[in-house]
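**Student:** Would you be able to build a 3D model of this:
(chains A and B)
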Amino acid sequence: EPEVTQTPSHQVTQMGQEVILRCVPISNHLYFYWYRQILGQKVEFLVSFYNNEISEKSEIFDDQFSVERPDGSNFTLKIRSTKLEDSAMYFCASSPLGMRNTGELFFGEGSRLTVL
Amino acid sequence: AQSVAQPEDQVNVAEGNPLTVKCTYSVSGNPYLFWYVQYPNRGLQFLLKYITGDNLVKGSYGFEAEFNKSQTSFHLKKPSALVSDSALYFCAVIHEGQAGTALIFGKGTTLSVSS
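**Tutor:** Here you go, the predicted model:
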């Protein structure tokens, strides 16, 4: 069964460093998302992406964050200058149709980011 | 803005007993509601959704949810709990932003099923 894959599974970085989290969505999906989960609890929306541009973003997704689909298969989240509070599990998700047509997102297993 | 609330941090039930995980919503217009489950160290998995139609929605693993417009609730239910149902459950709603839509999750409820 097709699945969303994420790398790395765990990354440890120093505060102020840049981090890139990578995702390979399911191949025929058109909509892509990043979420984060802090302390195994609340799942927070960061950004949605469609047709090579951001379609929606939350207040969390400030100027230090960016997303890119560089080669038609990967979908990346870049954090330019990490802060301690960026430590979280970051989940990538994809869906074949827009939210109102399905609402079913397919999630990867996450990338754990630890900022020291 | 659309939102959902899960009033319980944890629900404990014995195996074989019915379970209910509560969710209330606040939306303008017609609600699009969902339940997702997260097993330890895994991503979220879709369980079921309510878009329109029957108020009782059936989903994966024997779960169902009842949409109640007058009580603005969308509680997740299962007639007979299994130990393997122990997980973190999230209620979610579609949020319509200026430029697009996003799925917004509640804070989650930990379900613990004891044998």
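
**Student:** mind showing which ranges of the chain have poor pLDDT?
**Tutor:** Using chain A. A:99-102 (pLDDT under 70).

**Student:** looking at chain B here, not the other one
**Tutor:** In chain B, residues with pLDDT under 70: B:97-100.

**Student:** hey, where'd the strands end up in it?
**Tutor:** Using DSSP state E, the strands of chain B run over residues B:3-5, B:10-14, B:19-21, B:24-26, B:33-38, B:44-50, B:56-58, B:64-68, B:73-78, B:87-96, B:101-105, B:109-114.

**Student:** What helix or strand is the spatially most central residue of chain A located in?
**Tutor:** Central residue of chain A (CA atoms, centre = their mean): A:Trp34, 2.9 Å from the mean position. In this assignment (DSSP states H and E), A:Trp34 forms part of strand A:31-37.

**Student:** count of neighbours near residue 7?
**Tutor:** Answering for chain A, as no chain was given. 13 (other CB atoms under 10 Å in any protein chain shown). All C-beta atoms are positioned from the backbone trio N, CA, C, and that covers glycine.

**Student:** wrong one, I was asking about chain B
**Tutor:** When neighbours are counted by other CB under 10 Å, B:Pro7 registers 10.

**Student:** measure the residue nearest to it when sequence neighbours are not counted to B:Glu64 for me?
**Tutor:** The shortest distance from B:Pro7 to any non-neighbouring residue, by CB to CB, 6 or more residues apart in numbering or on different chains, is to B:Lys22 (5.6 Å). As for B:Lys22, its distance to B:Glu64 is 14 Å (criterion: CB to CB, to the nearest Å).

**Student:** A:Ala88 now?
**Tutor:** Taken as CB to CB, the span from A:Ala88 to B:Glu64 is 32 Å.

**Student:** Chain B contacts on chain A?
**Tutor:** A:4, A:33, A:35, A:40-45, A:48, A:50, A:54-56, A:58, A:91, A:93, A:98-100, A:103-110 (CB under 8 Å from any CB of the partner chain).

**Student:** ok, now with 6 Å
**Tutor:** A:41-43, A:45, A:48, A:55-56, A:91, A:99, A:103-104, A:107-110 (CB under 6 Å from any CB of the partner chain).

**Student:** got a list of what the residue nearest to B:Ser86 when sequence neighbours are not counted touches?
**Tutor:** Spatially, and ignoring its direct neighbours in sequence, B:Ser86 is nearest to B:Val113 (4.9 Å; CB to CB, 6+ apart). Applying CB atoms under 6 Å, 6 or more residues apart in numbering or on different chains, we find B:Val113 in contact with B:Val13, B:Glu15, B:Ala81, B:Val83, B:Asp85, B:Ser86.

**Student:** Neighbour count added to those residues, as a markdown table?
**Tutor:** Converted to a markdown table, the contacts of B:Val113 look like this (neighbours: other CB atoms under 10 Å in any protein chain shown):
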| residue | neighbour count |
| --- | --- |
| B:Val13 | 19 |
| B:Glu15 | 14 |
| B:Ala81 | 21 |
| B:Val83 | 12 |
| B:Asp85 | 21 |
| B:Ser86 | 17 |
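
**Student:** What is the nearest of those residues to chain A?
**Tutor:** Nearest to chain A, judged by CB to the nearest CB, of those is B:Ser86 at 14.0 Å.
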